[in-house]
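**Student:** Here's my sequence, what's the structure:
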Amino acid sequence: MNRIDPKLAATLRQPRELIDAGLAPVDAVAELEQVAARYAVAVTPELVALIDPADPADPIARQFIPSADELVEQPGENADPIGDDARSPVGGIVHRYPDRVLFKLVHVCAVYCRFCFRREMVGPGKASALSDDAYRAGLDYIRSHPEIWEVILTGGDPLMLSPRRLAEIMADLAAIDHVKIIRIHSRVPIADPERINPEMIAALRVEGATTWIAIHAN
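**Tutor:** Purely as a prediction, here's the structure:
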């Protein structure tokens, strides 16, 4: 693994920062600024350290460094390609399968994947998290459907929540008798491992339900 340059000891979010780090060509700045105006950009130092700037086809860079190709739209493309909206009975809930739901709590990530099929939710100007009213409505929906035994926390990345807030959410869900599994999908252990501290681990342990963590790593 490459050693992290002290100058890169912060998440890169702007095209100019990517260029200064040698991760994008200087002549691409205008195009990349157009991309960044629509889709969120963030590359953490941990991922920067894995990228080979000398390789134009570097597989890590292709996942996280924006490209003007993202603004190309083909006939027949759908802004909601997996049909979340059609299966969202209340804000933040996606009920695609009878016995489980997605609970989209937060709309920010440590790092933004260029291939994300929910990237329209996390772009500039979007809300960073569910409102309190929407959160309570989501809990009420889960309570009113006893067939739901698994709640999948997603977003955005739920491990971007503070340990205090995450502990509250975990306790709220575990208090619902028919919820037996709380599953969390996250890239944080890969993209920002320092967030996985004792407080975060304690927040994930809850009485009344089993916690599963699905770590996204390509």
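**Student:** Where does the prediction get shaky in this protein?
**Tutor:** 1-9, 123 (pLDDT under 70).
**Student:** got the residue ranges for the strands in it?
**Tutor:** 93-97, 100-106, 150-155, 181-186, 210-215 (DSSP state E).
**Student:** Compare those and give me the one nearest residue 112.
**Tutor:** strand 150-155 (11.7 Å; CB to CB). Glycine gets a C-beta too; all of them are placed from N, C-alpha and C.
**Student:** quick one: contacts of that closest one?
**Tutor:** 99-109, 118, 121-122, 142, 169, 173, 179-185 (CB atoms under 8 Å, 6 or more residues apart in numbering).
**Student:** Let's see that with 6 Å instead.
**Tutor:** Strand 150-155 has contacts (CB atoms under 6 Å, 6 or more residues apart in numbering) with 100-107, 173, 179, 181-185.
**Student:** returning to that earlier point: may I see the strands of the chain arranged in CSV, with distance to residue 18 and mean neighbour count as well?
**Tutor:** Below are the strands of the chain laid out as CSV (distance: least, CB to CB, whole Å; neighbours: other CB atoms under 10 Å):
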stretch, distance to residue 18, mean neighbour count
strand 93-97, 32, 18
strand 100-106, 24, 22
strand 150-155, 24, 22
strand 181-186, 24, 20
strand 210-215, 25, 13
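**Student:** Now tabulate the ones you listed in CSV and tack on distance to residue 162.
**Tutor:** Formatted as CSV, the strands of the chain follow (distance: least, CB to CB, whole Å):
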stretch, distance to residue 162
strand 93-97, 22
strand 100-106, 10
strand 150-155, 14
strand 181-186, 14
strand 210-215, 17
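**Student:** returning to what we had before: between the contacts of strand 150-155, which sits nearest residue 213?
**Tutor:** Distances from residue 213 to the contacts of strand 150-155, taken by CB to CB, are shortest for residue 184, at 5.2 Å.
**Student:** residue contacts, the closest one?
**Tutor:** 153, 158, 213.
**Student:** mind redoing it with 10 Å?
**Tutor:** 103, 105, 151-155, 157-159, 166, 170, 204, 211-215 (CB atoms under 10 Å, 6 or more residues apart in numbering).
**Student:** Let me know how buried residue 61 is, in neighbour terms.
**Tutor:** 22 (other CB atoms under 10 Å).
**Student:** Could you shift the numbering so residue one becomes 45, and keep it that way?
**Tutor:** Sure thing, new numbering starts at 45, so read that last one as residue 105.
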